[in-house]
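S.K.: turn this into a model:
(one chain, ligands or ions: 1)
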Amino acid sequence: MLSRVVDTGFSFAVQAHAGGRARAGEIRTPHGTINTPAFIPVGTKATVKAVLPESMRDLGAQAILANAYHLYLQPGADIVAEAGGLGAFMNWPGPTFTDSGGFQVMSLGAGFKKVLAMDPGHRDDDVIADGKERLARVDDDGVTFRSHLDGSEHRFTPEVSMQVQHALGADIIFAFDELTTLNNTFDYQVASLERTRLWADRCLAEHDRLRSPDLPYQALFGVIQGAQYEELRRKAAQDLGRMAFDGFGIGGAIDKRNLSDIVGWVTDELPDDRPRHLLGIGEPGDLFAGVAAGADTFDCVSPSREARNSAVYSPDGRFNLLASAHRRAFEPIDPTCDCYTCQHYTRAYLHHAFKAKEMVASTLATIHNIRFTVRLVESIRQSILDHDFDAYRAEFTGRYSAGSRAAVRD
Ligand SMILES: [Zn+2]
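M.R.: I've put the predicted structure just below:
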């Protein structure tokens, strides 16, 4: 068994391998233990939209990930610190994660998908859609950006990101990195990767400076970038793998068709004794691919965002509750699901509540999608412990994708 016990309340141990790279393990944090693989629901602004933190515990969520950029702008990291940190502020007693803000500064700030031109054939390093204005500028020292809330100007450097995340006080925090798009030129990706490497060093130095023995230990994860390029992903994993990070995030632009390859290149190079978090991935099929490639934890807004848009998951695929087929469907979303929604409500009621634009529709659908995703990853973990991962993956994904295709035809 591999283990890395620091005398801090943070540790990681691998408990089982399932052939290939899939593994089950345990991350201990000062606020509790996370059994991996694990899906970490996202509470961007210190709330999982539409659901009470108390319900998150009932759903089996082991940790919650919030967003440093959003909490820095609103209400301010100092207010969260005064409240006793992120967990105390939002009434969530378990482990917490915050991301570094890099993704949001460069995606929301720069208007990724809104401002950046994203046509795949386009190759340019300043890809801004016609008539839009760039809201973030990257230089070697950091990023200057304008708030998406009020247009005020701010600057994040690796040091500022660490200061913000120390104030927020999450158990697992991420190094500040530059996000590139799949459209950037290779030369830009190389330069950006070097910038992220230098920022990683600065994050470690500032993190050490800010550490206090009187406060719960915060584990710092380095973030592996490199877009779709094997040599860059491997180099980033080698470079950061040699640094004193407690774990690693796998981030950046990922074309989902290459998800397995990209995560595999990275986990090939990373030390086995530290946890790996796949940032922003959480759709059912992608979770299997991520686990198979060696990722331990995942976060994604999709289960909750899709739920608010009336799209729900089931073993027979994803479907939309607004479809007229559900008007008189007096059955649960998923008869095999143990969530509160499936125990008490029918598709017909949810169809009505979404049609009538009642708030409870979002709450009930979110409860189901998060429970479905958490439980799916729990089952994946069990299949690894039982040495049955490949068979379980084939069985689940075969049924799920056949059902999703049928739902599209309906
Ligand atoms: Zn359910």
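S.K.: C-alpha from now on. contacts and neighbour counts both.
M.R.: Will do.
S.K.: just the helices from the stretch 251-400 of the chain, written as ranges.
M.R.: 259-269, 284-292, 302-308, 340-344, 347-355, 359-385, 389-409 (DSSP state H, counting those that start in this stretch).
S.K.: what is the mean pLDDT for the longest one?
M.R.: Just to be clear, that refers to helix 359-385. Mean per-residue pLDDT for helix 359-385: 98.
S.K.: CSV for the helices of the stretch 251-400 of the chain, including mean neighbour count?
M.R.: Output for these, formatted as CSV (neighbours: other CA atoms under 10 Å):
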stretch, mean neighbour count
helix 259-269, 21
helix 284-292, 23
helix 302-308, 22
helix 340-344, 16
helix 347-355, 20
helix 359-385, 22
helix 389-409, 15
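S.K.: out of those helices, which comes closest to E230?
M.R.: E230 lies closest to helix 259-269 among those, at 6.7 Å (CA to CA).
S.K.: bridge partners for I27, pull those for me.
M.R.: Beta-bridge partners recorded for I27 (DSSP bridges): F12, I34.
S.K.: give the contact list for it.
M.R.: With contact set as CA atoms under 8 Å, 6 or more residues apart in numbering, I27 has these partners: F10, S11, F12, A13, T33, I34, N35, T36, P275.
S.K.: quick check: the farthest pair among the residues you listed?
M.R.: F10 and T36 (14.5 Å).
S.K.: tell me which of the two has more neighbours.
M.R.: Higher neighbour count among F10 and T36: T36, with 27 against 22, using other CA atoms under 10 Å.
S.K.: ok, that one to L210 distance?
M.R.: 29 Å (CA to CA, to the nearest Å).
S.K.: pLDDT score assigned to the residue located most distally from the centre of the chain?
M.R.: Centroid-distance maximum for the chain: R328 at 35.9 Å, with CA atoms, centre = their mean. At R328, the predicted lDDT confidence score is 98.
S.K.: tell me the contacts of the nearest residue to it once chain neighbours are set aside?
M.R.: Closest residue to R328 in three dimensions, ignoring its sequence neighbours and counting by CA to CA, 6 or more residues apart in numbering: A348, at 5.2 Å. Counting by CA under 8 Å, 6+ apart, A348 makes contact with H326, R327, R328, A329, F330, E331.
S.K.: let me know the pLDDT of L116.
M.R.: At L116, pLDDT is 38.
S.K.: where does whichever residue of the stretch 151-300 of the chain sits closest to the ion land on pLDDT?
M.R.: Proximity of the stretch 151-300 of the chain to the ion (CA to the ion) peaks at P284, 14.8 Å away. pLDDT recorded at P284 is 93.
S.K.: in space, what's closest to it - neighbours in sequence excluded?
M.R.: Nearest residue to P284, sequence neighbours excluded (CA to CA, 6+ apart): T373, at 7.1 Å.
S.K.: pretty sure the one you found contacts L287?
M.R.: No: T373 is beyond contact range of L287, at 9.1 Å (criterion: CA atoms under 8 Å).
S.K.: residue numbers of this protein in contact with the ion?
M.R.: Residues of the chain that fall close to the ion, judged by CA under 5 Å from the ion: C337, C339, C342, H368.
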